[in-house]
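Asker: Fold the following, please.
(one chain, ligands or ions: 1)
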Amino acid sequence: MSTRPRIPAPGTPAPGKLPITELAELKLRRQPIVMVTAYDAPSGRLADEAGADIVLVGDSAAMTVLGHDSTVPATMDEMIVLTRAVTRGARRPLVVADMPFGSFQVSDERAIENAIRFVKEAGADAVKIEGAGSMLTRAAGIVAAGIPVMGHIGLTPQSATALGGFKAQGRTAEQARRLLADARALEVAGCFTLVLEAVPAPVAARITEVLSIPTIGIGAGVQTDGQVLVWHDLLGLYSGSSPRFVKRYAELAPVIRDAVAAFADDVRARRFPENVHTYSMPDEELAAFETEMVENL
Ligand code: KIV
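Answerer: Residues are numbered from 1 along each chain as shown. I've put the predicted structure just below:
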């Protein structure tokens, strides 16, 4: 049983935790960084056992586990519960909590307060915020409070409506220039990594070359410093189509559905539970119990 505190103070990483400075080393060594989302303790533990470097408790949880149509409805309280579960499971990877829509847009102060909640109440190692522009002072403020910040530009799902839907960003020279400028500004604001989502590969490669902080791509080509996939996409936990940038490494939805259907069949046919799943009692105790039952009738 590990004796390490579950929720270390910021600046005091838990024993065995990947040092955040290692990410820059990985970039320098051109060794790709592996990030995956997770939303509960078992998935955090499995991601850790599989060797992920970063586990993102994405606000994609709103869609993957809470059943919403977009990431927008995710609340701080929901994200705190999910992040707390993930930090109980994932020990070595850095656990990054995604700040949900509304938790950082209003003011720098609100952003800092909510980032502090993720660290104090959920044991997050870092937070992620979407966007640049007026979000730059949010990032700088949170960093100044001692909490590492991951940036996220390109397709930022919280503002998908303003971006004209879930579609690739930076496909014109002007948009690509703006993305590069935003990336640089987020680095200057103190971000330790930057997610590039749904960005043409050459643009992501150029941003990656220009920045000294690592970039993590999702739908951004192979030249970014790392890659991230959403847990449910990677494992095929959804039926139906996935975005172009998803590669499914397993098809678990039919496996799970078949297993639950087999359980249902066994229950209805009284094939489950079998003797091996059942507790017995000494014969004499059973006889005594039955005698008492008869006597008390
Ligand atoms: O919420 C999320 O899962 C994300 C990743 C797609 C980067 O932001």
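
Asker: Tell me, how many residues neighbour Ala220?
Answerer: Here the number of neighbours of Ala220 (other Cβ atoms under 10 Å) works out to 29. Quick note: C-beta positions are derived from backbone N, CA and C, even for glycine.

Asker: What confidence value was assigned to it?
Answerer: We have a pLDDT of 98 for Ala220.

Asker: from what I can see it touches Arg206, true?
Answerer: No. Judged on Cβ atoms under 8 Å, Ala220 makes no contact with Arg206 at a distance of 11.1 Å.

Asker: need the helices for the stretch 151-297 of the chain, in chain order.
Answerer: 173-189, 201-210, 231-234, 252-268, 283-295 (DSSP state H, counting those that start in this stretch).

Asker: Identify, out of those helices, the most deeply packed stretch.
Answerer: The highest mean neighbour count among the helices of the stretch 151-297 of the chain, using mean count of other Cβ atoms under 10 Å, belongs to helix 231-234: a mean of 21.

Asker: Contacts (any at all) between the ligand and that one?
Answerer: No. Using Cβ under 6 Å from any ligand atom, we find that helix 231-234 stays clear of the ligand, coming within 8.4 Å at best.

Asker: now swap in stretch 107-127 and tell me
Answerer: No. Judged by Cβ under 6 Å from any ligand atom, stretch 107-127 makes no contact with the ligand; its nearest approach is 11.7 Å.

Asker: still on that earlier bit, got the helices of the stretch 151-297 of the chain as TSV, with mean pLDDT and distance to Ile33 columns?
Answerer: Putting those into TSV (pLDDT from 0 to 100; distance: least, Cβ to Cβ, whole Å) gives the following:
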stretch	mean pLDDT	distance to Ile33
helix 173-189	98	16
helix 201-210	98	11
helix 231-234	97	16
helix 252-268	97	25
helix 283-295	96	60
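
Asker: Let me know which of the ones you listed is the nearest to Gly165.
Answerer: helix 173-189 (14.8 Å; Cβ to Cβ).

Asker: ok, and what's touching that closest one?
Answerer: By Cβ atoms under 8 Å, 6 or more residues apart in numbering, the surrounding residues in contact with helix 173-189 are 132-133, 136-137, 139-140, 143, 149, 151, 153-154, 169-170, 194, 196, 199-200, 203, 206-207, 210-213, 215.

Asker: cutoff 7 Å now
Answerer: Helix 173-189 is touched from outside by 132, 136, 139-140, 143, 151, 153-154, 169-170, 194, 199, 203, 206-207, 210-213, with contacts defined as Cβ atoms under 7 Å, 6 or more residues apart in numbering.

Asker: Would you list the buried entries among the residues you listed?
Answerer: For those, a burial check counting by 16 or more other Cβ atoms under 10 Å picks out 132, 136, 139-140, 143, 151, 153-154, 169-170, 194, 199, 203, 206-207, 211, 213.

Asker: before we move on, the earlier item: possible to save the helices of the stretch 151-297 of the chain as a markdown table with distance to Asp225?
Answerer: Compiled in a markdown table, these are given as follows (distance: least, Cβ to Cβ, whole Å):
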| stretch | distance to Asp225 |
| --- | --- |
| helix 173-189 | 12 |
| helix 201-210 | 6 |
| helix 231-234 | 19 |
| helix 252-268 | 28 |
| helix 283-295 | 65 |
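
Asker: Between the ones you listed, which one is closest to Gly240.
Answerer: From the helices of the stretch 151-297 of the chain, taking Cβ to Cβ, the stretch that ends up closest is helix 252-268, at 9.2 Å.
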